[in-house]
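Asker: here's my sequence, what's the structure:
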Amino acid sequence: MANCPICSAQTVHKYQDSPYWMCPVCDCWFQNPMPPKVYEAAHEKDQNGGFTGHLMSDYEKGINKSLAESIFTNFMGGVPGKALDIGSKYPYLSHCFKNLGCEAFGMDNIEIVPDYSKELDVPMLMADFEALTEEQIREWTHTEKFQVITMIHMFEHLYNPLAALRKMKSLLAEDGVLFLRLPSHEVSGFERDMEPGHYTIHPFFHSMTSILELLVQGQDLFTMDWTSPMDGAGQRDIVLRPIQKKPEVWCGMIVKNEERDLPRVLKSIEGVVDGLVIIDTGSTDKTEEVTRTVWTKPLIFETYTEASRQDESGDWKLWDFSKARNVFVEKIDQIPSADYLIWFDADDELLTPANVKRALYLTQYKVFGMMIETEG
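Answerer: Numbering: from 1, shown residues only. The predicted structure is shown next:
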């Protein structure tokens, strides 16, 4: 057994005959113990120990040129800025950013860095990104903030990905972009990275879920602004953008005489929801008292009967669900800090709070749905 280094969940299974433990919670695959840190796998050198495997064919250069143009146009708004490619090896991507008007830098910790830097006229630092401080990077590049940082098949090499994300957040401009291209084991074709050579240099094998879990753990680092799988190649492209605060979610509920069921649903959402708006449509039991006892976060509790009708006994019967729902929608919409709205019935229970937390950081989509699992 091993504990996941990202979410701390206990992990008991490995993927087939590989060294990767498979986290059942955040879908991260990781090695435990981690392999010794090296910067080159055996298959990346020729028989004489040379580095010719890094040199690119014209086809590969075309891929890098297209990638630089895509990032520049779609995520930098076509405005030149300072660019840092971490783990660049042969820094052709930086070279392409430079041709687009950017001030571009490369970084890798392989012996041939000076030769590659001279060949492509790209400033390169021979260093381990994880061992450097932000101040050292700023001093070398004379740059306070970068407009774009790229990691092309590099993120899976990091031994402490959360610490690396924190460092990159401090180096990025508020409107900057962090672009990752990495193997992703939930994408078809990932088997190409399941070989002994990769095991020596990839302590992690990530998925979209594990990257989102890192954002949850970091809270105020990044949101996932865009992502796309490269089916057949076992890879995924991810665009992360800096955020200023953890996304805030408020829950709206319509209740009536729910003193029995409310504690269960409130307990299930307490780790996800930052505030609660309850619209009570005519309770006669201890619904409000129970709510205020169980719920310790910000709360708006309002009795509202304008969407109900009284029967012959004087009992309020909800007649217009949408009208009552719109009351909590409007109230949450007026809360400046609220980023997301979620709603539940009082007899519901949130079974997968971790999935909801991760969805808050996936800003590529604005609306999410949940599956309803019924008892029996």
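Asker: going forward, measure contacts between C-alpha atoms and count neighbours the same way
Answerer: OK.
Asker: so what's Leu55 up against?
Answerer: Tyr90 (C-alpha atoms under 8 Å, 6 or more residues apart in numbering).
Asker: next, give phi and psi for it.
Answerer: Leu55 adopts backbone torsions of phi -70, psi 150, taken as degrees, to the nearest 10.
Asker: okay, now the unreliable bits of the stretch 1-150 of the chain?
Answerer: 42-47, 49-53 (pLDDT under 70).
Asker: so where do the strands sit in it?
Answerer: 2-3, 10-11, 20-22, 29-31, 82-86, 103-108, 124-126, 146-152 (DSSP state E, counting those that start in this stretch).
Asker: with mean neighbour count and distance to Glu373 added, can I get the ones you listed in TSV?
Answerer: Formatted as TSV, the strands of the stretch 1-150 of the chain follow (neighbours: other C-alpha atoms under 10 Å; distance: least, C-alpha to C-alpha, whole Å):
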stretch	mean neighbour count	distance to Glu373
strand 2-3	16	29
strand 10-11	16	25
strand 20-22	23	25
strand 29-31	24	28
strand 82-86	25	44
strand 103-108	24	49
strand 124-126	21	53
strand 146-152	23	40
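Asker: just put these in CSV and tack on distance to Ser322.
Answerer: Conversion of these to CSV gives the following (distance: least, C-alpha to C-alpha, whole Å):
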stretch, distance to Ser322
strand 2-3, 45
strand 10-11, 43
strand 20-22, 44
strand 29-31, 44
strand 82-86, 50
strand 103-108, 54
strand 124-126, 60
strand 146-152, 45
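Asker: tell me which of these sits nearest to Leu67.
Answerer: Closest to Leu67 of the strands of the stretch 1-150 of the chain is strand 146-152 (C-alpha to C-alpha; 10.3 Å).
Asker: if we can go back for a sec, can you check which of the strands of the stretch 1-150 of the chain gets nearest to Thr305?
Answerer: strand 10-11 (48.1 Å).
Asker: paired strands for the closest one, with orientation please.
Answerer: strand 2-3 (antiparallel) (DSSP bridges).
Asker: chain center to the strand it pairs with, what's the gap?
Answerer: 21 Å (C-alpha atoms, centre = their mean, to the nearest Å).
Asker: for the remainder of this discussion, apply numbering that starts at 758.
Answerer: Got it, the first residue is 758 from now on, which makes the last one we talked about strand 759-760.
Asker: please, which helix or strand holds the residue nearest in space to the middle of the chain?
Answerer: Taking C-alpha atoms, centre = their mean, the centroid of the chain lies closest to Leu969, which sits 2.7 Å from it. Using DSSP states H and E, Leu969 sits within helix 965-975.
Asker: mind listing what's buried in that helix?
Answerer: 965-973 (16 or more other C-alpha atoms under 10 Å).
Asker: and what of stretch 767-786?
Answerer: 768, 771, 776-780, 782-786.
Asker: where do the helices sit along the chain?
Answerer: 815-831, 849-856, 870-877, 891-898, 918-928, 953-956, 965-975, 1019-1026, 1044-1051, 1078-1090, 1110-1116 (DSSP state H).
Asker: rewinding a little: and Gln992, which of the strands of the stretch 758-907 of the chain is closest to it?
Answerer: Nearest to Gln992, of those and by C-alpha to C-alpha, is strand 903-909 at 10.5 Å.
Asker: pretty sure Met911 contacts Pro940?
Answerer: No. With contact defined as C-alpha atoms under 8 Å, Met911 does not reach Pro940; the gap is 9.4 Å.
Asker: neighbour count winner among these two?
Answerer: Just comparing Met911 and Pro940: by other C-alpha atoms under 10 Å the higher neighbour count belongs to Pro940, 29 against 19.
Asker: quick revisit: OK, contacts around the residue nearest to the centre of the chain?
Answerer: Contacts of Leu969 by C-alpha under 8 Å, 6+ apart are 981, 1115-1116, 1118-1119.
Asker: distance check, it against Thr1120.
Answerer: In this view, Leu969 and Thr1120 are 11 Å apart by C-alpha to C-alpha, to the nearest Å.
Asker: how about Pro848: what's its closest non-neighbour residue?
Answerer: In space, and not counting its chain neighbours, Pro848 is closest to Gly863: 6.1 Å by C-alpha to C-alpha, 6 or more residues apart in numbering.
Asker: and Glu860, by the same measure?
Answerer: Among residues not flanking Glu860 along the chain, Lys839 sits closest, at 4.7 Å (C-alpha to C-alpha, 6+ apart).
Asker: just to check, that neighbour is in contact with Leu857?
Answerer: No. Counting by C-alpha under 8 Å, Lys839 does not reach Leu857; the two are 11.0 Å apart.
Asker: and Thr1050, how many neighbours does it have?
Answerer: By other C-alpha under 10 Å, neighbour count at Thr1050 equals 9.
Asker: how close does it sit to Lys1043?
Answerer: Relative to Lys1043, and taking C-alpha to C-alpha, Thr1050 is found at 10 Å.
Asker: with Arg1021 instead?
Answerer: 15 Å.
Asker: the longest strand in this protein is where?
Answerer: In the chain, assigned by DSSP state E, the strand with the most residues is strand 929-940.
Asker: can you list the strands that that strand pairs with?
Answerer: strand 903-909 (parallel), strand 992-999 (antiparallel).
Asker: how far does stretch 1028-1035 stretch from start to finish?
Answerer: So stretch 1028-1035: terminal residues 18 Å apart, C-alpha to C-alpha.
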